[in-house]
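# Let me see the structure of the following:
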Amino acid sequence: MQGVLNGFAVIAVVIGVGYVIGRLGSLGEQGREVLTKLAFHVASPALLFTTLARTDLSVVFSSRLLVTALSTAAAAGVFVAVGAVRGWSVGRTTIGALCSSYVNSGNLGIPIAVYVLGDASLVAPVLLFQLVGVTPVALTILDLSGKGGKGPLWLRLLTPLRNPIAVGSLAGVAVSAAGLRVPAPVMDPLTLIGGMSVPAVLLAFGISLCGSTLPGRGPDRRQVLLAVALKTVGQPVAAWALATGVFGLRGAPLLDVVVTSALPAAQNLYTYASSYRVAERLARDAILVSTVVSVPVLVLVAALLG
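Numbering: from 1, shown residues only. Next comes the predicted model:
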């Protein structure tokens, strides 16, 4: 359980630092916006490129990936269905669906994979699926439903090629698939820049908490509670049912897929919401609450299946 607690402790400390920075006004009124733009346009694309360029893509062809994909689709699909019935906007429904299914596979998933599952590479399929499959689709929907939705249809369908995060992800996949080795003078600066991504996202998230009301209240309350319930309970239960009932997974492989599915919503979802100026409070509250709730859920999963 030490890995679970360590991962959450690191996130909590950095978010806390961001909160203190916000309270003190150390970065000025535009500090959060600058950090968000830095992460979205510069640091995150660099991190995704360097990560995927060094990853063996053969890990994506496995039953574990299918469980991840199907459980993700199930959790997101429930939120989308409720959003359609309730008449929520496309942008808000997209952010809510992401918060219901997009796991924190990077800054939290990696340490948990190391300390709980014993192998950091086990989180790679989830990371790749989200970066290469989910992220471009979700960001394209946000582009088409917002300010990016203007212009000819053929041009709007090319929005993933204009999105820095999607470009970084797809470029990394291309390099890995081609078996290319990026020279150190190119890779090292990108690695250094990419190292700013997670801290920038967490600090911006902490700053956003300044002056905010308690999470799970206000007009977004039902959407937040739905997203948190799907993320922390619905998705891991779906992963367990699919893994045992459809793919026959037992033992360590079963623990792997359920633990990764039980991870909380990723902090970079707030970056997406903030960048597109849609459902920011929903994203912030769902991330915060799911992060807190997922601690006992992960401990319980590890105790039952470990």
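# what pLDDT does residue 157 get?
pLDDT, residue 157: 56.
# I meant residue 41, not that one.
Residue 41 is given a pLDDT of 90.
# try the one 10 residues further on
Taken from the predicted model, the pLDDT recorded for residue 51 is 86.
# other SSEs contacting the host helix or strand of it?
Under the criterion of DSSP states H and E, residue 51 resides in helix 44-53. Secondary-structure packing of helix 44-53 (3 or more C-beta pairs under 8 Å, 6 or more residues apart in numbering; DSSP states H and E): helix 164-178, helix 184-194, helix 197-208. No exception for glycine: its C-beta is placed from N, CA and C like everyone else's.
# Helix 184-194 and the longest one, what's the angle between them?
Right, helix 164-178. Here helix 164-178 points in a direction 140 degrees away from that of helix 184-194 (axes from the mean of the first three to the mean of the last three C-alpha atoms, to 10 degrees).
# and residue 164, how far is that from residue 38?
Counting by C-beta to C-beta, to the nearest Å, the gap from residue 164 to residue 38 is 11 Å.
# Also residue 190?
Taking C-beta to C-beta, one finds residue 190 at 15 Å from residue 38.
# measure the closest residue in space to residue 173 that isn't next to it in sequence to residue 251 for me?
Sequence neighbours aside, residue 52 is the residue nearest to residue 173 in space, at 5.3 Å (criterion: C-beta to C-beta, 6 or more residues apart in numbering). Using C-beta to C-beta, one gets 29 Å for the distance from residue 52 to residue 251.
# How about residue 29?
53 Å.
# swap in residue 275?
Applying C-beta to C-beta to residue 275 and residue 251 gives a distance of 41 Å.
# and residue 260, how many neighbours?
Residue 260: 27 surrounding residues under other C-beta atoms under 10 Å.
# which ones are touching it?
68, 103, 105, 109, 113, 122-123, 126, 239 (C-beta atoms under 8 Å, 6 or more residues apart in numbering).
# Go ahead and confirm residue 46 touches residue 198.
No - under the criterion of C-beta atoms under 8 Å, residue 46 is not in contact with residue 198, lying 11.8 Å apart.
# Touching, residue 130 and residue 103? I think so.
Yes - the pair residue 130 / residue 103 is scored as a contact, 7.3 Å apart, by C-beta under 8 Å.
# If you compare the directions of the longest helix seen in the chain and helix 197-208, what angle comes out?
Assignment by DSSP state H gives helix 280-305 as the longest helix of the chain. On the basis of the same axes, to 10 degrees, helix 280-305 is oriented at 120 degrees to helix 197-208.
# Now stretch 74-87: buried residues?
74-76, 78-80, 82-83 (16 or more other C-beta atoms under 10 Å).
# lowest average confidence, helix or strand, in this structure?
helix 153-156 (a mean of 56; mean pLDDT, DSSP states H and E).
# Tally up the residues packed near the residue nearest to residue 173, please.
24.
# Equivalent analysis for the one 5 residues further on, please.
Per other C-beta under 10 Å, the neighbour tally for residue 57 reads 15.
# thought it was touching residue 127?
No - the pair residue 57 / residue 127 is not scored as a contact, 11.7 Å apart, by C-beta under 8 Å.
# picking up where we left off before, counting neighbours, go ahead and name the busier of residue 130 and residue 103.
Between residue 130 and residue 103, counted using other C-beta under 10 Å, residue 103 has the larger neighbour count: 29 against 25.
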